[in-house]
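[1] this one's structure only:
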């Protein structure tokens with residue numbers, strides 16, 4: 001379903017609108033862009049696409065990539081999209097969580113994991129690492145893999161001694177990572193069509209997912225997904241963000257339709273999580289060179305993993321993060337053998 005002007009249209013109905021067609025073609029062809037790394041929003045304006053569908057393009061591109069179109073680089077986004085090799089299918093664990101999947105595959109190391117010890121400082125030489133936690137505990141090792149989220153690296157909350165190379169800290173600064181949140185809403189009845197995949201709004205919330213995947217089809221759940229400046233604003237509202245989401249759904253489906261059927265809601269705000277600080281990295285202008293730098297080891301001792309270090313188009317994804325972990329472990333093992 002697409003919000004267009006004052007109407008909520010089905011995909012088939014919206015397909016008859018030439019502006020919607022232009023927006024869909026733009027999103028589909030963005031990976032072909034090879035010009036200067038202007039913002040995606042500027043590229044949209046340059047193409048003369050009418051403002052009445054800009055919110056759709058923000059949902060299709062900016063929000064999906066973890067920000068909005070004013071902050072994404074057109075060339076960097078095109079490069080990332082062109083490198084994507086994971087297909088377009090979505091998968092869910094029907095009877096478990098992502099954590100349970102890791103526990104199943106890695107049982108031998110579970111008793112070696114230390115939890116609730118936030119890292120405060122990392123000191124390193126070319127053959128040793130000392131990690132100090134907020135509680136003053138220290139852990140010694142020959143080498144370390146750093147998986148600290150990019151938003152936390154940007155703040156300098158974890159200090160490195162000696163300081164990391166300038167190219168590394170410049171990479172922190174020049175790769176974007178914005179606020180991100182989900183607002184999960186359960187209703188007493190389903191007021192959206194049964195075959196709905198997403199509802200693209202024109203307010204603060206770019207997209208509502210009809211949440212299913214075989215787990216909650218009978219629970220009448222919509223999930224609002226918001227990144228970038230809109231997420232930062234909704235984050236400032238706290239739990240009142242739920243009321244904003246309901247008001248936007250009422251505006252789309254009819255006064256009182258959503259709010260009258262509302263049962264319970266939950267806000268998952270990664271921007272406020274002290275050890276996460278945002279959604280995931282996104283292709284800000286001219287960021288791809290910096291992303292290459294982010295992935296490089298330091299002193300043959302510190303190795304870097306996490307979605308932000310993925311250089312082959314899978315940044316911002318769980319499988320991308322797993323792939324970088326495999327890469328970092330292989331780099332570490334090779335350094336030992338060398």
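    Happy to help now that I have it. Small disclaimer: the values here were computed from a predicted structure and weren't measured.
[2] ok, which stretches of the stretch 201-338 of the chain are strands?
    207-210, 221-227, 262-269, 281-282, 302-304 (DSSP state E, counting those that start in this stretch).
[3] Quickly compare the ones you listed and say which is most buried.
    strand 281-282 (a mean of 28; mean count of other CB atoms under 10 Å). The way it works is simple: take the backbone N, C-alpha and C, and place the C-beta from them, glycine included.
[4] Not counting sequence-adjacent ones, nearest residue to residue 209?
    residue 223 (4.5 Å; CB to CB, 6 or more residues apart in numbering).
[5] got the buried residues for stretch 3-11?
    By 16 or more other CB atoms under 10 Å, the buried positions in stretch 3-11 come out as 3, 4, 8, 9.
[6] Nearest to residue 333 among the residues you listed?
    residue 3 (51.1 Å; CB to CB).
[7] what's the distance between residue 257 and residue 188?
    Distance of residue 257 to residue 188, given as CB to CB, to the nearest Å: 12 Å.
[8] higher neighbour count, these two?
    residue 257 (17 against 11; other CB atoms under 10 Å).
[9] For that one, give me its contacts.
    Taking CB atoms under 8 Å, 6 or more residues apart in numbering, we find residue 257 in contact with 191, 249, 250.
[10] quick check: mean pLDDT across stretch 186-198?
    Averaged across stretch 186-198, pLDDT comes to 91.
[11] for that stretch, which positions count as buried?
    186, 187, 190, 192, 196, 198.
[12] returning to what we had before: just the ones in helices from the contacts of residue 257, please.
    Here DSSP state H is the test, and the contacts of residue 257 give 249, 250 as lying in helices.
[13] Nearest to residue 95, out of the contacts of residue 257: which one, please.
    Nearest to residue 95 among the contacts of residue 257, with distances taken as CB to CB, is residue 191, at 28.7 Å.
[14] Find the nearest non-adjacent residue to that closest one, please.
    Per CB to CB, 6+ apart, closest to residue 191 is residue 257, 5.2 Å.
[15] Quick check: residue 169 vs residue 290, distance?
    10 Å.
[16] ok, now residue 254?
    47 Å.
[17] and if you look at residue 255?
    48 Å.
[18] what's the answer for residue 274, then?
    For residue 274, the distance to residue 290 equals 25 Å [CB to CB].
[19] Those two: who's more crowded?
    Counting neighbours by other CB under 10 Å for residue 274 and for residue 290 shows that residue 290 has the greater number, 19 against 8.
[20] who's in contact with that one?
    Contacts of residue 290 by CB under 8 Å, 6+ apart are 170, 171, 174, 175.
[21] what does residue 266 give?
    Neighbours of residue 266 in contact, by CB under 8 Å, 6+ apart: 183, 184.
[22] Quickly list what it is bridged to.
    Here residue 266 sits in beta bridges with residue 184, as judged by DSSP bridges.
[23] where along the protein do the helices fall?
    11-14, 18-29, 40-46, 54-57, 74-83, 98-105, 150-155, 166-174, 229-236, 241-253, 257-261, 287-294, 318-337.
[24] Figure out which of those helices is closest to residue 128.
    Short answer: helix 318-337, nearest of these by CB to CB, at 13.3 Å.
[25] The closest one to helix 98-105, inter-axis angle?
    40 degrees (axes from the mean of the first three to the mean of the last three CA atoms, to 10 degrees).
[26] Relative to the whole chain's centre, how far out is helix 318-337?
    21 Å (CA atoms, centre = their mean, to the nearest Å).
[27] Stretch 119-128 now?
    29 Å.
[28] which residues sit against it?
    With CB under 8 Å, 6+ apart, stretch 119-128 has contacts from 129-134, 140-142, 144, 146, 148, 157-162, 298-302.
[29] ok, back up a step: how about the helices of the chain, which one is nearest residue 117?
    Using CB to CB, the helices of the chain put helix 150-155 closest to residue 117, at 14.9 Å.
[30] Which secondary structure elements does that closest one sit against?
    helix 166-174, strand 176-177 (3 or more CB pairs under 8 Å, 6 or more residues apart in numbering; DSSP states H and E).
[31] If we go by neighbour counts, what in that helix is buried?
    Buried, per 16+ other CB under 10 Å, within helix 150-155: 150, 151, 152, 153, 154.
[32] wouldn't the last one be in contact with residue 174 here?
    This points to residue 154. No: with contacts defined as CB atoms under 8 Å, residue 154 does not count as touching residue 174, sitting 10.0 Å away.
[33] Spatially nearest residue to the most centrally placed residue in the chain (excluding sequence neighbours)?
    Centroid-nearest residue in the chain: residue 280, 3.6 Å away (criterion: CA atoms, centre = their mean). Distances taken as CB to CB, 6+ apart place residue 316 nearest to residue 280, at 4.0 Å, with adjacent residues excluded.
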